[in-house]
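In: Give the three-dimensional model of this entry:
(one chain, ligands or ions: 2)
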Amino acid sequence: MITTVTLNAAIDKTYVLSDFQLGKVSRIGQIHAVAGGKGINAARVLHQLGIRTLATGFVGGSNGDFILKNLDQQQISHDFVKVDDESRICLNIMNASNGESTELLEKGPLITEQQLAEFRQKIVLLGQQSRIVIFSGSIPAGLSTSVYAELIEALRKTNAAVFLDTSGDGLIHGLKAAPFFMKPNEDEIAQLTGKRPENETELVQSLHQLADSGIECASVSLGASGSMTVYKGTIYRVRVPSIEALNPVGSGDAYVAGMAAGIYQELPIEDCLRLAAACGTANALSAHAGFVKREDVDAFLKQIEIVQL
Ligand SMILES: Nc1ncnc2c1ncn2[C@@H]1O[C@H](COP(=O)(O)OP(=O)(O)O)[C@@H](O)[C@H]1O
Ligand SMILES: O=P(O)(O)OC[C@H]1O[C@](O)(COP(=O)(O)O)[C@@H](O)[C@@H]1O
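Out: Residues are numbered from 1 along each chain as shown. Ligands and ions are numbered 1, 2, ... in the order given. Model (predicted):
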């Protein structure tokens, strides 16, 4: 089984507008609302790939009830710690006239020490039953920025391989706990290494820097330009087909899910990278965040180009 952790679960709401302008009244065309937050998005994609998955983390209030009900409707197994505060809404305003997305992300509920202790016990039990545990997304209020590092340490006594996909100080502390896999995007790699890579040579240097700090595998995702990965000291450049992206929000989560699915199925590394990239690209075709169609993934698998640098 793969367990995904979403400490800051959300209702991912998408408004599709024919034209969106700041400071003007806008009438909304379509609305989509699904259970979200990065780990839940990854769980949905894993489920769509047919991998046994369980989603955990914290949920609260009526938004939390919506999230659990929506997971049930999608037949995604879950085991969350309930909190008193309200889970957040993450709003993506999609401007259909130019394809631009504007994301407004609430900060999420307050988590108490006691609720964290309850979660720590749960994740160790789940870790014992999982081959992979994926920690994704921002850290809600009340929790320290070292929470991911602490939880990764707590999982050391299990055999689960840990994936980490977060940003800011949580990412910087998390790196010290040496997860098996990380997926920073360009902004996040700059937070980690102190320098935004300006070209592919600098990107390679940044990836070697991550590998030197004990990460076995790290991918920097580059949106429509694909990704670059270091695995056991070798660098792979992955290029994806050019598509008419509808909504790339959640592509990073789909990429992480594809990578986890590949590692879970013990595929060779190049096939893991192909599956990750195909899932990221397939997600960009969907209006929903963290959603892929198997037929799109299969079609893209044949079009991904990988070279070893
Ligand atoms: N517009 C796009 N066209 C094709 N593939 C895309 C596009 N956007 C994202 N992807 C795929 O999804 C992966 C992750 O997307 P990215 O936007 O880099 O992540 P994040 O959402 O974390 O910033 C990319 O490496 C690529 O494989
Ligand atoms: O937990 P965070 O970092 O606030 O991010 C939450 C948001 O990230 C997303 O999961 C999308 O992330 P990606 O586009 O990076 O995959 C949204 O669906 C969600 O609303």
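In: And ligand 1, is stretch 284-295 touching that?
Out: Yes: counting by Cβ under 6 Å from any ligand atom, ligand 1 has neighbours in stretch 284-295: Ala284. The C-beta positions use only the backbone N, C-alpha and C, and glycine is treated the same way.
In: contacting residues around the residue of the stretch 1-150 of the chain found nearest ligand 1?
Out: For the stretch 1-150 of the chain, the residue closest to ligand 1 is Lys38, as judged by Cβ to the nearest ligand atom, at 8.4 Å. Going by Cβ atoms under 8 Å, 6 or more residues apart in numbering, Lys38 touches 6, 136-137, 165-166, 252-253, 256, 290.
In: Can you get me the start-to-end distance on stretch 75-91?
Out: Terminal residues of stretch 75-91 are spaced 24 Å apart (Cα to Cα, to the nearest Å).
In: quick one: that stretch near ligand 1?
Out: No: Stretch 75-91 is not in contact with ligand 1 by Cβ under 6 Å from any ligand atom; minimum separation 12.9 Å.
In: Quick check: the residue nearest to the spatial centre of the chain vs Gly36, distance?
Out: Centroid-nearest residue in the chain, with Cα atoms, centre = their mean: Asp253, separated by 3.1 Å. Asp253 sits 9 Å away from Gly36, going by Cβ to Cβ, to the nearest Å.
In: Need the overlap of contacts for the two.
Out: In contact with both Asp253 and Gly36: 289-290, using Cβ under 8 Å, 6+ apart.
In: since we're on the residue in the stretch 201-309 of the chain positioned nearest to ligand 2, how many residues are nearby?
Out: In the stretch 201-309 of the chain, the residue that lies nearest ligand 2 is Gly252 (3.2 Å; Cβ to the nearest ligand atom). Neighbour count for Gly252, taken as other Cβ atoms under 10 Å: 26.
In: Just the element for Asn70, please.
Out: helix 61-73 (DSSP states H and E).
In: which other helices and strands contact the helix or strand of the chain with the lowest mean pLDDT?
Out: None of the helices or strands of the chain scores lower by mean pLDDT, DSSP states H and E than helix 186-193, at a mean of 88. Applying 3 or more Cβ pairs under 8 Å, 6 or more residues apart in numbering; DSSP states H and E, one finds that helix 186-193 contacts helix 168-176, helix 200-212.
In: Out of those helices, which one sits most buried?
Out: helix 168-176 (a mean of 19; mean count of other Cβ atoms under 10 Å).
In: Show me which residues of the stretch 51-200 of the chain sit near ligand 1.
Out: Asn185.
In: Strands along the stretch 51-200 of the chain, start to end?
Out: Per DSSP state E, counting those that start in this stretch, the stretch 51-200 of the chain carries strands over the ranges 53-60, 77-83, 88-95, 100-105, 132-136, 161-165, 181-182.
In: okay, those strands in JSON lines with mean pLDDT, distance to ligand 2 and mean neighbour count next?
Out: JSON lines is the format used below for those (pLDDT from 0 to 100; distance: least, Cβ to the nearest ligand atom, whole Å; neighbours: other Cβ atoms under 10 Å):
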{"stretch": "strand 53-60", "mean pLDDT": "98", "distance to ligand 2": "10", "mean neighbour count": "26"}
{"stretch": "strand 77-83", "mean pLDDT": "98", "distance to ligand 2": "15", "mean neighbour count": "18"}
{"stretch": "strand 88-95", "mean pLDDT": "93", "distance to ligand 2": "3", "mean neighbour count": "20"}
{"stretch": "strand 100-105", "mean pLDDT": "91", "distance to ligand 2": "5", "mean neighbour count": "13"}
{"stretch": "strand 132-136", "mean pLDDT": "98", "distance to ligand 2": "7", "mean neighbour count": "27"}
{"stretch": "strand 161-165", "mean pLDDT": "97", "distance to ligand 2": "8", "mean neighbour count": "26"}
{"stretch": "strand 181-182", "mean pLDDT": "96", "distance to ligand 2": "13", "mean neighbour count": "24"}
